[in-house]
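# requesting a structural model of the entry that follows:
(chains A, B, C and D)
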Protein chains: 2
Amino acid sequence: MQGVQKNITREQKRRQKLDVILRNAAKAFMEKGYYKTSLDDIAKMQNVTKPTLYYYIENKEDILVKCEEEACLRINGLLDSILSEHISGFDMLYSFVKGYIDIITDDIIRCHVRHRGQMEDESLRAQSIKNHKNIELKVRKIIQKGIGDNSIRNCNSMILAILLFDSLNGITSWYKSDGQINQVELTKEVLSLVSRGVKEV
Amino acid sequence: MQGVQKNITREQKRRQKLDVILRNAAKAFMEKGYYKTSLDDIAKMQNVTKPTLYYYIENKEDILVKCEEEACLRINGLLDSILSEHISGFDMLYSFVKGYIDIITDDIIRCHVRHRGQMEDESLRAQSIKNHKNIELKVRKIIQKGIGDNSIRNCNSMILAILLFDSLNGITSWYKSDGQINQVELTKEVLSLVSRGVKEV
DNA sequence: CTATGTTGTTACCGAAGAGTAACATACTTT
DNA sequence: AAAGTATGTTACTCTTCGGTAACAACATAG
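Residues are numbered from 1 along each chain as shown, chains lettered A, B, ... in the order given. Below is the predicted model:
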């Protein structure tokens, strides 16, 4: 049994190192861009050499894939927990926007959002697009539920879902936690824009 | 005088060829991405060779710069014409959204939107960011005018302007003129989302 | 203590692609 | 027609970078 125990800690260590790699890579990709960040750059952040990375990842693109896996886990977790509640469609959408803004300050999520669907490998790209479509579909479901229970006005749920993601995902490319806009204020503005729009009534 | 005349047509021809290069490059950048598009690829689209491109552009990055110049001209043109009208702030914002959606189907504009602020050359990057800040500022001006004349509800004009651009610019990366969403429907949904939000009242 | 698997290194390969030099051709002006 | 200028080509250089082979050190298991 001792052998098994040791293997677990080893596996955990490995998992931890992979996570550090992903986190550093994601950060670099967001700051300098995917193509301007070399594997040597990423390796240096860990104080290892490039070939060492290949013990944890398959190739450069695999970093994007692994970031996506983690991001999808968290986003789907948020959506599923919201969908299981017994509240109106509007309240669900409200919760989602709030939770999503909270999530996308994480570098790995931001990296996913910015690079999804851009893999060079065709099957990976297809999978990535599928993953996002899946998420988008859940948001559409929320919107449709809202239209059904009269908490959201009648609209094209597909367009609304896409526009919503556009503006939320846009946040990832400019929001800095140390900037002049704080997260509470941001969330407040997004929520009131989404719910009431800009028009004075 | 004949010399001058001839020079003009030559200059025009040159200008035309440059425009074709920009248009093709912008299209390729949007489809395959900037780094996955080589200058050879772009040259081939014109049925010329790579060195010929260098007669019209300084280097690869210069394509982005030239696209940006043209895009800014058009966007600023739209904004300035709106700002000179005597209508409410809300109506201005409404006109802008409408006009902007109309504009961003053009490949050169889409290319600009997707690549602005991403030049490797520091001074070019700074200029690009400045250009966009300038545009964003005009939109903020419109919003503030709207708040002043009570046509737009009180909100953080900076956040609103950014969010608005995020969702509008997001459109550039998915909208296809031959897709399942037509432009009239799209514009309608965006306008009602911006003005009234999603909440049923 | 020895065998095995894990984790890392150094040193290299090969491809891609931006940019250039030198040379060729065609148009314009005088 | 000759001189000069605009426009293009072929063939090359130089660098960067993703990926790999071969080897080293070390922990763990038996």
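# low-confidence regions, chain A specifically.
Within chain A, the stretches falling below the threshold (pLDDT under 70) are A:1-8.
# would you map the helices across chain A?
Along chain A, the stretches classed as helices by DSSP state H are A:2-32, A:39-45, A:50-53, A:60-83, A:89-103, A:107-115, A:122-148, A:157-174, A:183-196.
# generate a markdown table for these, with distance to DNA strand C as supplementary columns.
(Each C-beta comes from the backbone N, C-alpha and C, glycine too.) Output for the helices of chain A, formatted as a markdown table (distance: least, C-beta to the nearest atom of the strand, whole Å):
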| stretch | distance to DNA strand C |
| --- | --- |
| helix A:2-32 | 5 |
| helix A:39-45 | 7 |
| helix A:50-53 | 4 |
| helix A:60-83 | 12 |
| helix A:89-103 | 29 |
| helix A:107-115 | 18 |
| helix A:122-148 | 16 |
| helix A:157-174 | 23 |
| helix A:183-196 | 35 |
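# mind checking these for the one nearest to residue B:89?
Using C-beta to C-beta as the measure, helix A:183-196 is the one of the helices of chain A that comes nearest residue B:89, at 15.6 Å.
# between the closest one and helix B:183-196, how many degrees?
For helix A:183-196 and helix B:183-196, the angle between their directions (axes from the mean of the first three to the mean of the last three C-alpha atoms, to 10 degrees) works out to 120 degrees.
# in helix A:183-196, what's buried?
Neighbour-count burial for helix A:183-196, counted by 16 or more other C-beta atoms under 10 Å in any protein chain shown, picks out A:186-187, A:189-196.
# okay, now the domains of chain A?
Here the domain parsing of chain A from automatic domain parsing is A:1-57, A:60-201.
# in contact with the nearest residue to residue A:155 once chain neighbours are set aside, which residues?
The shortest distance from residue A:155 to any residue that is not its chain neighbour, by C-beta to C-beta, 6 or more residues apart in numbering or on different chains, is 6.2 Å, and that residue is residue B:189. With contact taken as C-beta atoms under 8 Å, 6 or more residues apart in numbering or on different chains, residue B:189 is in contact with A:155-156, A:159-160, A:163.
# same question, residue A:151
With contacts defined as C-beta under 8 Å, 6+ apart, residue A:151 is in contact with A:88-91, B:199-200.
# of all the residues you listed, which two lie farthest apart?
The span of these, defined through C-beta to C-beta, is set by A:91 and B:200 at 12.3 Å.
# quick one: the nearest residue to residue A:28 once chain neighbours are set aside from residue A:29, how far?
Here the nearest residue to residue A:28 in space, its sequence neighbours aside, is residue A:37; by C-beta to C-beta, 6+ apart that works out to 4.4 Å. In this structure, residue A:37 lies at 6 Å from residue A:29, with C-beta to C-beta, to the nearest Å as the measure.
# do residue A:113 as well
Between residue A:113 and residue A:29 the computed distance is 11 Å (C-beta to C-beta).
# try residue A:36
Taking C-beta to C-beta as the measure, residue A:36 falls 9 Å from residue A:29.
# more neighbours: which of the two?
The neighbour comparison of residue A:36 against residue A:29 (other C-beta atoms under 10 Å in any protein chain shown) goes to residue A:29, with 22 against 13.
# spit out the contact partners of the more buried one.
Residue A:29 sits next to A:37, A:63, A:111, A:114-115 when contact means C-beta under 8 Å, 6+ apart.
# reformat those residues as TSV; add neighbour count.
Rendered in TSV, the data for these read as follows (neighbours: other C-beta atoms under 10 Å in any protein chain shown):
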residue	neighbour count
A:37	20
A:63	27
A:111	26
A:114	18
A:115	21
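# which residue is nearest the middle of chain A?
residue A:109 (3.3 Å; C-alpha atoms, centre = their mean).
# and it, how far from chain B?
Taken as C-beta to the nearest C-beta, to the nearest Å, the spacing of residue A:109 relative to chain B amounts to 16 Å.
# which residue is the nearest non-sequential neighbour of that residue?
residue A:71 (4.7 Å).
# before we move on, what about residue A:85?
Using C-beta to C-beta, 6+ apart, the nearest residue to residue A:85 is residue A:92, at 7.1 Å.
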